[in-house]
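Participant: kindly generate the corresponding structure for this input.
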Amino acid sequence: MALRVAVTGMAITATGAAAILSSSWLMGRQASGAKAAALFGSKPIAPGQAIAVAQPLAGNRWNLIVLEQLQAAPPCWREYPDGSVISYDNDVAEGVCGRYLSSSAYSLRVANDDLNNPWRLRVESENGRLRLLASHPQQTTLIPVARGKAPASGLASLKLEPGWTFQRRTYGEQTLRHLYMAHAEPLPVLLARARGGGQLAALPSLGPPPLLNQPDPVAESSPSSTRRGLARVERSSVLSSRSRLLRQSSSQRPRQSGVIALEVVPYGS
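Facilitator: Residues are numbered from 1 along each chain as shown. Okay, the predicted model is just below:
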């Protein structure tokens with residue numbers, strides 16, 4: 001009898017795919033001990049309190065700067081409709097504005113875990129569009145973090161992509177002067193989204209499982225298999241007839257009863 005595995009084919013949705021990738025990544029982190037050994041924590045920054053800007057350099061290159069409003073007033077920057085930004089941080093009293101110029105002052109954080117060196121942030125320019133990307137020398141996939149447009153001159157505003165926020169680094173109860181661009185999803189999910197143009201595609205549907213130990217209908221219908229089947233039937237019929245005859249012969253044999261006379265032969269005769 002054929003045996004079928006009792007599993008129904010189903011499609012794994014994008015949410016399910018994200019859960020699978022997230023679970024696999026977290027298990028790997030826990031197995032390596034990196035999760036338990038996390039050194040820094042983080043806490044969110046109020047929306048609008050920090051801004052990422054791109055500073056133009058020679059050779060169509062751009063440098064990332066993060067500005068932060070530490071005090072309510074006066075303002076530390078002004079943003080214009082064309083995407084340009086004017087910074088006032090040099091014109092106000094110390095402690096009002098924060099200015100973060102390099103990877104020692106800002107970095108990436110995903111799923112409550114730091115993405116350290118060799119992960120880095122870089123600004124790319126193409127056709128007047130700016131993109132802030134997370135890159136790794138061994139990864140061909142670039143993760144989009146923010147985007148903007150290049151103004152005619154000056155600093156350019158970079159808007160964070162959906163899901164990305166600014167957070168502040170903490171160490172125990174201490175609040176540090178280091179900012180994160182953070183995302184709640186783990187790295188494998190972000191890479192999958194980047195490969196899919198921002199969408200996480202559903203995994204393909206799983207078809208029904210194959211039958212196990214299923215007889216081959218072609219082999220069963222071949223002439224040789226038919227002859228073998230007839231031979232098995234004939235042998236069974238012959239054995240059944242012999243058994244029946246033996247039972248009849250045994251039942252018809254006369255039974256002896258009483259004393260049986262034995263011939264006595266004298267010794268030495």
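Participant: how much space between residue 76 and residue 169?
Facilitator: Distance of residue 76 to residue 169, given as Cβ to Cβ, to the nearest Å: 20 Å. The way it works is simple: take the backbone N, C-alpha and C, and place the C-beta from them, glycine included.
Participant: do residue 38 as well
Facilitator: Distance from residue 38 to residue 169, counting by Cβ to Cβ: 12 Å.
Participant: between the two, point out the one with more neighbours.
Facilitator: residue 169 (22 against 11; other Cβ atoms under 10 Å).
Participant: residue 180 is in contact with the more buried one, correct?
Facilitator: Yes. In this structure, residue 169 is within contact of residue 180 by Cβ atoms under 8 Å, at 6.3 Å.
Participant: find residues that contact each of those two.
Facilitator: residue 42 (Cβ atoms under 8 Å, 6 or more residues apart in numbering).
Participant: can you list the residues that contact stretch 151-158?
Facilitator: Outside stretch 151-158, the residues touching it (Cβ under 8 Å, 6+ apart) are 51-56, 62, 64-65, 79-80, 82-87, 123, 130, 132, 146-150.
Participant: mind listing what's buried along it?
Facilitator: Of the residues in stretch 151-158, 151, 155-158 count as buried by neighbour count, 16 or more other Cβ atoms under 10 Å.
Participant: show me where this protein has its helices.
Facilitator: Applying DSSP state H to the chain gives helices spanning 14-32, 187-195, 217-220, 223-252.
Participant: what about the strands in the stretch 1-150 of the chain?
Facilitator: 3-4, 41-44, 50-57, 61-69, 77-79, 84-87, 97-100, 106-110, 113-115, 120-126, 129-135, 143-149 (DSSP state E, counting those that start in this stretch).
Participant: check contacts around residue 71.
Facilitator: Residue 71 neighbours (Cβ under 8 Å, 6+ apart): 95-97.
Participant: and the residues you listed, which of them are buried?
Facilitator: Members of the contacts of residue 71 classed as buried by 16+ other Cβ under 10 Å are 96-97.
Participant: now the contacts of residue 71 in CSV, with distance to residue 190?
Facilitator: Formatted as CSV, those follow (distance: Cβ to Cβ, whole Å):
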residue, distance to residue 190
95, 35
96, 34
97, 30
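Participant: just the contacts of residue 71: which has the poorest pLDDT?
Facilitator: Ranked by pLDDT, those bottom out at residue 95, which has 92.
Participant: roughly how far apart are it and residue 101?
Facilitator: Taken as Cβ to Cβ, the span from residue 95 to residue 101 is 17 Å.
Participant: what's across from residue 98 in the sheet?
Facilitator: Using DSSP bridges, the beta-bridge partners of residue 98 come out as residue 68.
Participant: how many residues are close by it?
Facilitator: If we define neighbours as other Cβ under 10 Å, then residue 98 has 19 of them.
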